[in-house]
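A.B. asks: got a predicted structure here, sequence first:
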Amino acid sequence: MTNSMNPFHYGSPVEGDQFVGREREINALVSRMRNHVSVVLLSPRRYGKTSVLLRAESILVKKRPALVHVNVLRCKDRAALAGALAGGAFRIPGARWHRARQAVPEFLARIRVKPTVAFTDDGRPVFEYGPRLAPPDADKITADIYALLSSEAAHRPAVLVLDEFQAITDYGEHLPRLLKSLADEHPSVSLVLAGSKRHLMERLVAAESSPLYGMTQKIALGPIPNDEMVGFLRERIATGRKRVTELVAELIVRVAGPVPNDIQRLAYESFEIAGREVTADVVAAGMDQAVAHEAPTYSEELQRRAPGQRRVLIQLAKSGGSSSPMSAAFATAVGLASAASVRKALHTLDADEAVIGRDGAWVVADPFFGAWLRGTEG
Ligand SMILES: Nc1ncnc2c1ncn2[C@@H]1O[C@H](COP(=O)(O)OP(=O)(O)OP(=O)(O)O)[C@@H](O)[C@H]1O
Ligand SMILES: [Mg+2]
């Protein structure tokens, strides 16, 4: 082992040298943010939605946008979501309220439901609403922030980004409908919704019966093309002063792909273990190490599953996936009574993104979990 800085990163958004490709998607996103078009950015977990959003936002900065970015899942309740929206709006650079001598009171005059204001050590205001914030008041805050953005839109892009949008109904089933009516009322604001969990996102945005249907332009993030990922791995490993052949870089992509997070993860572990060169043996050891780190989590994940789901997971992992899980043979192999029981188990696993349909077959979504499952008894 050597002490070079590991050039890979996984588990949270990436930027700069740790980010590769996605030009087409980023251009599409930036252009829509600039042109008042609403967008939904869709992909399974860990494909790079937040990284793409942040990259697009950093390009848009040149246009001095009025942009509020909130991660819906990070807000613990409705009040926290309202506080995050208000805080985001206050921080819009060069906004009208900043031009007033007393920015905070000027800003507060524009929101009907007043938060309490605390100041951080460096003098930044933090807006807080009590945990008992009533739904109609939360709606008023959302509407007022939308109106604020709209009032900035005459001279610059105005954008409301809601990341992890699949969690929005945790704060109220009606929120997608509220957003739809606000978007209709303020067409100059580009509403950007990003989320995973296909079933939830479809119900909210993509299905014809969904409240936001037809209002947003859809951008789907697929895998990053293999050749781009291979080039990226080789360049990063060289930056870390180690060697790798094209074949071994391809091996990393094949074993861990197609999810960019998983590829970076295996590359990280492999780089960590390697001496001067990342070889095929090193990659195998890297895989073992990644699996070993997560073993306790995987064990819990398996235990919390119903027995039928457990067996479906193990069978899919051990067989390398199945193109016909609804067959009688598959049901027999997993000890379930019928294809209907298999369908039910698969549906739950799919909704949780534990399994995924890829190239016509159902597979375990996480390659490290898959490898761990292959090592289980039975
Ligand atoms: N364009 C990219 N280039 C290189 N690696 C990437 C890229 N996009 C994503 N990744 C990898 O995926 C990881 C997760 O990225 P990010 O958090 O942006 O994904 P996400 O889709 O927002 O995930 P989540 O579903 O958990 O919100 C990063 O840490 C990185 O390892
Ligand atoms: Mg994300």
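C.D. replies: Sure, I can see it. Ligands and ions are numbered 1, 2, ... in the order given.

A.B. asks: could you find the closest non-adjacent residue to the residue in the stretch 101-250 of the chain that ligand 1 sits nearest to?
C.D. replies: The nearest approach of the stretch 101-250 of the chain to ligand 1 comes at residue 196, 4.4 Å away (CB to the nearest ligand atom). C-betas here are computed from N, CA, C, even on glycine. Nearest residue to residue 196 in three dimensions, chain neighbours excluded: residue 45, at 4.5 Å (CB to CB, 6 or more residues apart in numbering).

A.B. asks: quick one: that neighbour from residue 140, how far?
C.D. replies: Distance from residue 45 to residue 140, counting by CB to CB, to the nearest Å: 33 Å.

A.B. asks: show the pLDDT at the residue of the stretch 101-250 of the chain closest to ligand 1.
C.D. replies: Per-residue pLDDT puts residue 196 at 89.

A.B. asks: now residue 4
C.D. replies: For residue 4, pLDDT reads 67.

A.B. asks: now the strands for the stretch 1-150 of the chain?
C.D. replies: Per DSSP state E, counting those that start in this stretch, the stretch 1-150 of the chain carries strands over the ranges 39-42, 66-71, 116-119, 125-128.

A.B. asks: got the residues of this structure near ligand 2?
C.D. replies: 49-50 (CB under 5 Å from the ion).

A.B. asks: can you give the domain ranges for the chain?
C.D. replies: 22-220, 226-304, 306-378 (automatic domain parsing).

A.B. asks: can I get the ones you listed in JSON lines with mean neighbour count?
C.D. replies: Formatted as JSON lines, these follow (neighbours: other CB atoms under 10 Å):
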{"stretch": "domain 22-220", "mean neighbour count": "18"}
{"stretch": "domain 226-304", "mean neighbour count": "19"}
{"stretch": "domain 306-378", "mean neighbour count": "17"}
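
A.B. asks: who does the closest residue to ligand 2 within the stretch 151-300 of the chain form a beta bridge with?
C.D. replies: Relative to ligand 2, the nearest point of the stretch 151-300 of the chain is residue 163 (5.8 Å; CB to the ion). Beta bridges link residue 163 to residue 71 when assigned by DSSP bridges.

A.B. asks: how far away is it from residue 218?
C.D. replies: 16 Å.

A.B. asks: what's the answer for residue 310, then?
C.D. replies: Distance check for residue 310 against residue 218: by CB to CB, it reads 35 Å.

A.B. asks: what's near enough to touch the residue in the stretch 1-150 of the chain that ligand 1 sits nearest to?
C.D. replies: Nearest to ligand 1 in the stretch 1-150 of the chain, going by CB to the nearest ligand atom, is residue 48, at a distance of 2.5 Å. Counting by CB atoms under 8 Å, 6 or more residues apart in numbering, residue 48 makes contact with 13-14, 22, 221, 224, 260-261.

A.B. asks: who in the chain is up against ligand 1?
C.D. replies: 9-14, 19-22, 43, 45-51, 196, 224, 260-261, 264 (CB under 6 Å from any ligand atom).

A.B. asks: all strands for the stretch 251-378 of the chain, in order.
C.D. replies: 277-278, 355-358, 361-364.

A.B. asks: and the last one, what other elements does it pack with?
C.D. replies: Right, strand 361-364. Judged by 3 or more CB pairs under 8 Å, 6 or more residues apart in numbering; DSSP states H and E, strand 361-364 is in contact with helix 307-319, strand 355-358, helix 367-374.

A.B. asks: for the first one, same thing?
C.D. replies: When contacts are defined as 3+ CB pairs under 8 Å, 6+ apart, strand 277-278 packs onto strand 243-244.

A.B. asks: how far away from the center of its chain is the strand it packs on?
C.D. replies: Centroid separation for strand 243-244 versus its chain: 31 Å, with CA atoms, centre = their mean, to the nearest Å.

A.B. asks: residue in the protein nearest to ligand 2?
C.D. replies: residue 50 (3.2 Å).

A.B. asks: skipping adjacent residues, who's closest to that residue in space?
C.D. replies: Nearest to residue 50 is residue 13, by CB to CB, 6+ apart, at 4.3 Å.

A.B. asks: count of neighbours near that neighbour?
C.D. replies: When neighbours are counted by other CB atoms under 10 Å, residue 13 registers 16.

A.B. asks: for residue 261, see how far away it is.
C.D. replies: Counting by CB to CB, the gap from residue 13 to residue 261 is 10 Å.

A.B. asks: and what of residue 246?
C.D. replies: For residue 246, the distance to residue 261 equals 22 Å [CB to CB].

A.B. asks: go on, residue 240?
C.D. replies: Where residue 261 is concerned, residue 240 sits at a distance of 19 Å (CB to CB).
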